[in-house]
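S.K.: I'll drop the sequence and a predicted model, then ask my questions.
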There are 4 protein chains.
Amino acid sequence: MVRVTIWNEYLHELENEAVAKIYPEGIHAVIADFLKKEGDISVRTATLNEPEHGLTEEVLAETDVLIWWGHKAHWQVSDSVVERVYQRVLAGMGLIVLHSGHHAKIFRKLMGTSCDLRWRDVGEKARVWVVEQGHPIAQGLGDYFEIPREEMYGERFDVPAPDCLVFLSWFKGGEVFRSGCCYQRGRGRIFYFQPGHETFPVYYQPEVQRVIVNAVRWAKPSFVDNRPVLMHSEPLEELNN
Amino acid sequence: MVRVTIWNEYLHELENEAVAKIYPEGIHAVIADFLKKEGDISVRTATLNEPEHGLTEEVLAETDVLIWWGHKAHWQVSDSVVERVYQRVLAGMGLIVLHSGHHAKIFRKLMGTSCDLRWRDVGEKARVWVVEQGHPIAQGLGDYFEIPREEMYGERFDVPAPDCLVFLSWFKGGEVFRSGCCYQRGRGRIFYFQPGHETFPVYYQPEVQRVIVNAVRWAKPSFVDNRPVLMHSEPLEELNN
Amino acid sequence: MVRVTIWNEYLHELENEAVAKIYPEGIHAVIADFLKKEGDISVRTATLNEPEHGLTEEVLAETDVLIWWGHKAHWQVSDSVVERVYQRVLAGMGLIVLHSGHHAKIFRKLMGTSCDLRWRDVGEKARVWVVEQGHPIAQGLGDYFEIPREEMYGERFDVPAPDCLVFLSWFKGGEVFRSGCCYQRGRGRIFYFQPGHETFPVYYQPEVQRVIVNAVRWAKPSFVDNRPVLMHSEPLEELNN
Amino acid sequence: MVRVTIWNEYLHELENEAVAKIYPEGIHAVIADFLKKEGDISVRTATLNEPEHGLTEEVLAETDVLIWWGHKAHWQVSDSVVERVYQRVLAGMGLIVLHSGHHAKIFRKLMGTSCDLRWRDVGEKARVWVVEQGHPIAQGLGDYFEIPREEMYGERFDVPAPDCLVFLSWFKGGEVFRSGCCYQRGRGRIFYFQPGHETFPVYYQPEVQRVIVNAVRWAKPSFVDNRPVLMHSEPLEELNN
């Protein structure tokens, strides 16, 4: 079993009727549903307004892969919880950052850059092209898939060059975007995936669900190791200076 | 001209006689000397105990490449100065981080990881192997060069995989280290270079000087651009959804 | 001075009236013209139908950067000349491969993959986005530039992931393409640049010229070294097994 | 099940007594033995002197991951078999290249470089350091492991920078080596692993076996797809130029 925790800011769904119609129980509930169907994935959820945002030491200790969706309240996430998640990622926990999570504190801290990008919210057509067809995260997809209406995210996306670029997106209005990016940081694997604006039913789309399922399996750690890396080292016996 | 600012913590040299013998005017003075001889490099220096650590807005605005040496007082560098340097790197300023600067706040912030490593200070022999012989930073070097006595830094070095690995070091006591690492972050180029423990005369060695001179030229920005990356984007005229 | 040799297949211009109108002296002549104006670049040209395709040992020995344009006659390039160019690239010579050169023998040999891609020739609009704004090859460009009419090249582009991805192109018909890719192979630097279909005046466009000039300076070797890498190595004196 | 084919040149073991003592049934037999014990791996073997070197279309069609050991007879491997293996790798088959296989035709063809390196055969101590502790190929290993006696392979190793560098080796005589390198080529995953000189019992060592088992699972393709990448593409309906 892969133990997944889905973190959702969970504000838009409560405050905005249009969003609530699409995601009446929250984006996290929809993601939880399709993950559970896989059989080899166990799921819990956590949201901003829970104590410690639902991300206690205990929860993280039982999490192999954390999925993150946030947008309008990144600044409300406490620095101590961010630090806790950060240490857990460096120790080996997988992290999947969705859509507007590009500006989440945890993602910016791990990337070391602004994570800024271009954007436009008119609900235009997007095409997600598979760049690395042999990558496990692309398993089961064709050459590309389309999202009928999506918020545009465009380059320059101010992140470090990904260790592996899996998807590239085309937007009808004239932009391109590195929409599926893999990173290794410490002992943890990170996947950023662009689709998922809250005003469109993107997470109901089978291809998007396929990608997230694949990413969960890819990001699952072989092990999580809290040993510090920093250490004093003894030399070989033969060393005599 | 490349405008270089050399930042040195400048504490060991004032507090430790053995270090003061090797670097009577400070490590920064020795680095400044050999850079000035190049002719196309102008140099200023800055140290921890100057106001704003010598890194005012004005100084950074006139700096193309910043060289950083620090060790025992990383925590004394103010967060506001770190943020200022950070923004300047993302805008395009080059950054060369030397030796124990691996734990400097600015380096950790840009890397997004702990930057921990193994270490041992017995003054053993190190060999610096050139992995990318065609890289500008390796220009003028042979297949390898030796440092007769150096502090050992060993793997696992907890940094993101470098965009380009230029040097790999061998240590007599049994360790290896990715000792010359290039990174692009935002519009800025970063080079980490391992040699340079304060108790050995490493910065007097011609090969080490060659590398630092080469790195200065490599890290020099084409331009420095403070425009934010984040922006709203207008679509092509033809977009009608 | 950077010593550039421009290699052009030079068949379309002689056989096709429409192409001849755009490039009456050949594509190589137009590229030679704008490179010469830079002042620090010396230029010679070579074409398929010259003896040894114009790429003799002597010519290569005096070439720092080779630019390659070919399309319909890749198979006519002799394997011995390909081998000669290949050895020179591994020794340090820069190589800039343009447009349909993606299928040139020399590019496929250096990449180790099929270098296949999608294509469509209807003369649609292309936008070339700058992904790495701080890269020397992007110097002097804005966030993107447009090519009013260009042949579409689209992903999956079957090349190794580039060491640095500088440009990403958007095509109006729905595709994206990694259109500016840097590679280090041996001691040589390689840049692939997508624009340049023979039926459109792409090489007259200032932004395209800017990129090629920048790429020439970037690909210029620090030195060219024919020493073999393979060698027997003597151990440290202390090694006694 | 992962279907593995182990290819061994199988000459040293037949011609050299010292090697025959260590590997009486051939290196391939020892590798087959420990792979079979895993339970989820099925194994067949193939050698140079079999018809078509044992690598017929049928065998490759039933191979998920091919392991390659060769040394003194690389030139005897027929180009048509190399081409067949090459096409299968680009289509998705995993490839694990061991030790002196660095000079195998198939590896050089996929890398696009000389794959030259330094070497010395005095049976010195090697230490294999884990650089990426979170990588699946490093699963179950500590910070490093030692090989008591091994042939030295040293940098400059003339390969493209790996997509992921998993292991770095230290040799007592003074060299370092990128000894565990991952590559994606086409739809296939490639892993080069340095240990394994025929005159030392390296493949009996548990850590080495662990790495090869891990690499088999990592290199297993999600699917193998023979579709060509090259194709003509139809535009979006809306494209009217």
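M.R.: Received the coordinates, thanks.
S.K.: When you work out contacts or count neighbours from here on, use the C-alpha atoms and nothing else.
M.R.: OK.
S.K.: What residues does chain A have near chain D?
M.R.: A:92, A:132-136, A:139, A:163-164, A:186-189, A:221-223 (C-alpha under 8 Å from any C-alpha of the partner chain).
S.K.: Point out where chain A drops to low pLDDT.
M.R.: A:224-231, A:238, A:240-241 (pLDDT under 70).
S.K.: Dead centre of it: give me the residue that sits there.
M.R.: A:V97 (1.7 Å; C-alpha atoms, centre = their mean).
S.K.: Confirm that that one sits in a strand.
M.R.: Yes - according to DSSP: H, G, I helix; E, B strand; the rest coil, the state of A:V97 is that of a strand.
S.K.: surely it meets A:W69?
M.R.: Yes - in terms of C-alpha atoms under 8 Å, A:V97 counts as a neighbour of A:W69; the distance is 6.6 Å.
S.K.: show me where chain A has helices.
M.R.: A:12-15, A:17-22, A:27-36, A:57-61, A:79-91, A:105-111, A:206-219 (DSSP state H).
S.K.: in chain A, which spans are strands?
M.R.: Ranges of strands in chain A, per DSSP state E, are A:2-8, A:41-47, A:65-69, A:94-98, A:118-130, A:144-154, A:164-171, A:176-185, A:188-193, A:231-232.
S.K.: Name the residues that touch the second one?
M.R.: Strand A:41-47 is touched from outside by A:1-10, A:28-29, A:32, A:35-36, A:53-55, with contacts defined as C-alpha atoms under 8 Å, 6 or more residues apart in numbering or on different chains.
S.K.: So which of those residues reach chain B?
M.R.: Within these, nothing lies near chain B by C-alpha under 8 Å from any C-alpha.
S.K.: Is there a quick ChimeraX command that grabs whichever of those are buried?
M.R.: Those of those that count as buried under 16 or more other C-alpha atoms under 10 Å in any protein chain shown are selected in ChimeraX with:
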select /A:2,3,4,5,6,7,8,9,10,28,29,32,35,53,54,55
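S.K.: what's the spacing between A:V208 and A:N49?
M.R.: 27 Å (C-alpha to C-alpha, to the nearest Å).
S.K.: and A:D40, what does it touch?
M.R.: A:1-2.
S.K.: gap between it and C:A29?
M.R.: Distance from A:D40 to C:A29, by C-alpha to C-alpha: 62 Å.
S.K.: give me the beta-bridge partners of the residue nearest to the centre of chain A?
M.R.: A:W68, A:Y192 (DSSP bridges).
S.K.: ChimeraX command to pick out the buried ones of the residues of chain A next to chain D?
M.R.: The following ChimeraX line selects those of the residues of chain A next to chain D that are buried, judged by 16+ other C-alpha under 10 Å:
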select /A:92,132,133,134,135,136,139,163,164,186,187,188,189,221,222,223
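S.K.: from the residues of chain A next to chain D, which two are the most distant?
M.R.: A:Q133 and A:F223 (26.7 Å; C-alpha to C-alpha).
S.K.: can you list the residues of chain A near chain B?
M.R.: A:90, A:109-114, A:116-120, A:122-124, A:156-161, A:163, A:172-174, A:184-186, A:228-236, A:238-239, A:241.
S.K.: go again using 6 Å as the cut-off
M.R.: A:109-112, A:116-120, A:158, A:160, A:173-174, A:185-186, A:229-233, A:235-236, A:239 (C-alpha under 6 Å from any C-alpha of the partner chain).
S.K.: Tell me the buried residues within those residues.
M.R.: Buried, going by 16+ other C-alpha under 10 Å: A:109-112, A:116-120, A:158, A:160, A:173-174, A:185-186, A:229-230, A:233, A:235, out of those.
S.K.: which of the residues in stretch A:203-223 are buried?
M.R.: For stretch A:203-223, using 16+ other C-alpha under 10 Å, the buried residues are A:203-204, A:207-223.
S.K.: Then stretch A:141-153?
M.R.: Neighbour-count burial for stretch A:141-153 [16+ other C-alpha under 10 Å]: A:141, A:144-147, A:149-153.
S.K.: So which of those is the closest to C:P24?
M.R.: Nearest to C:P24 among the buried residues of stretch A:141-153, with distances taken as C-alpha to C-alpha, is A:Y144, at 39.9 Å.
S.K.: Grab the nearest non-local neighbour of that closest one.
M.R.: Using C-alpha to C-alpha, 6 or more residues apart in numbering or on different chains and skipping the chain neighbours, the partner closest in space to A:Y144 is A:W129 (4.3 Å).
S.K.: which residues touch the one you found?
M.R.: A:144, A:167-169 (C-alpha atoms under 6 Å, 6 or more residues apart in numbering or on different chains).
S.K.: With distance to B:R84 added, can I get these in a markdown table?
M.R.: Output for the contacts of A:W129, formatted as a markdown table (distance: C-alpha to C-alpha, whole Å):
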| residue | distance to B:R84 |
| --- | --- |
| A:Y144 | 42 |
| A:F167 | 34 |
| A:L168 | 33 |
| A:S169 | 33 |
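S.K.: Report the separation between A:E198 and chain B.
M.R.: 18 Å (C-alpha to the nearest C-alpha, to the nearest Å).
S.K.: do A:V211 as well
M.R.: Distance from A:V211 to chain B, by C-alpha to the nearest C-alpha: 24 Å.
S.K.: Skipping adjacent residues, who's closest to that residue in space?
M.R.: Per C-alpha to C-alpha, 6+ apart, closest to A:V211 is A:I137, 5.9 Å.
S.K.: Could you pull up the residues touching that neighbour?
M.R.: A:211, A:214-215.
S.K.: Can you add distance to D:A18 and give these back as CSV?
M.R.: Converted to CSV, these look like this (distance: C-alpha to C-alpha, whole Å):
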residue, distance to D:A18
A:V211, 52
A:N214, 48
A:A215, 48
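S.K.: Show me which of those is closest to B:G196.
M.R.: Distances from B:G196 to the contacts of A:I137, taken by C-alpha to C-alpha, are shortest for A:A215, at 41.5 Å.
S.K.: Identify the residues contacting that closest one.
M.R.: A:I137.
S.K.: ok, now A:F191?
M.R.: A:96, A:181-182.
S.K.: In a markdown table: the helices of chain A, plus distance to D:E198.
M.R.: Formatted as a markdown table, the helices of chain A follow (distance: least, C-alpha to C-alpha, whole Å):
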| stretch | distance to D:E198 |
| --- | --- |
| helix A:12-15 | 64 |
| helix A:17-22 | 63 |
| helix A:27-36 | 48 |
| helix A:57-61 | 45 |
| helix A:79-91 | 37 |
| helix A:105-111 | 44 |
| helix A:206-219 | 35 |
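S.K.: Quick check: the gap between the residue lying closest to A:I106 once chain neighbours are set aside and B:Y204.
M.R.: What sits nearest to A:I106 in space, not counting adjacent residues and going by C-alpha to C-alpha, 6+ apart, is A:V82, at 5.7 Å. Taking C-alpha to C-alpha as the measure, A:V82 falls 43 Å from B:Y204.
S.K.: and what of A:K21?
M.R.: Distance from A:K21 to B:Y204, by C-alpha to C-alpha: 69 Å.
S.K.: gap between A:H103 and C:I6?
M.R.: A:H103 is 45 Å from C:I6, by C-alpha to C-alpha.
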